[in-house]
Structures are given as C-alpha cells and as structure tokens.
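Visitor: Coordinates only, no sequence provided:
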C-alpha cells in the first residue's frame with residue numbers, strides 16, 4: 001500500500017469540483033497521487049471511458065487538466081499550484 005498525504009479539504013474540494021462541473025453521477029476517481037505535500041492529483045474516469053485530471057492544493061483550490069497535456073504539462077501546473085499554496 002502506498003501512503004500519501006491528502007487533506008480532507010483536498011478530497012472534498014476535488015469531489016465538489018467534479019460534481020459542480022460535470023455532474024453527480026458517472027465519474028469515479030481512479031487514482032490519487034501526491035507529488036508535493038501541497039498539491040494532490042486526482043485521476044478521474046467518466047462512464048464513457050474518457051479521462052481527465054483534477055488537481056487540488058492544500059487549501060482546496062482546484063484546477064482541471066485534460067489527459068492530452070502530458071506529464072510535462074502536469075508538472076508545470078503542479079509547480080505553479082505548489083508555489084501559490086506555499087506562499088506566506
């Protein structure tokens with residue numbers, strides 16, 4: 001089992017973000033990854049088979065990223081969100 005640090009704010013915010021933008025049904029979180037202590041990546045799968053990513057920082061701010069952005073695009077967004085979440 002892989003251990004990671006995810007705050008309740010991040011989990012609740014990611015779920016609310018998905019529900020608010022795409023609806024309450026037909027979506028599941030199929031993967032959770034923490035690259036930094038301040039940003040968590042939620043991999044989402046829709047009932048039609050499409051996939052996308054929702055990122056949540058430690059304060060509950062969320063961003064959407066489609067799967068076509070690749071790992072480099074994902075790293076850029078994680079770095080940006082981490083910097084904003086950890087600024088004094």
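Guide: Yep, it's here. Here the structure is a predicted model, which means the values were calculated and not measured.
Visitor: Check the offset of the strand of greatest length in the chain from the chain's centre.
Guide: The residue-count maximum for a strand in the chain (DSSP state E) belongs to strand 27-36. Relative to the chain's own centre, strand 27-36 is displaced by 6 Å; criterion: C-alpha atoms, centre = their mean, to the nearest Å.
Visitor: Just the mean pLDDT for it, thanks.
Guide: Strand 27-36 carries an average pLDDT of 90.
Visitor: Strands of this structure, residue ranges please.
Guide: Using DSSP E, strands in the chain cover 27-36, 39-46, 51-57, 62-66.
Visitor: Show residues contacting the first one.
Guide: Right, strand 27-36. Contact with strand 27-36 is made by 4-6, 14-15, 18, 40-47, 51, 75, 78, 82, as judged by C-beta atoms under 8 Å, 6 or more residues apart in numbering. Using the backbone N, CA and C atoms, a C-beta is placed for each residue, glycine as well.
Visitor: Can you pull up the most central residue in the chain?
Guide: Nearest to the mean C-alpha position of the chain, by C-alpha atoms, centre = their mean, lies residue 55 at 2.4 Å.
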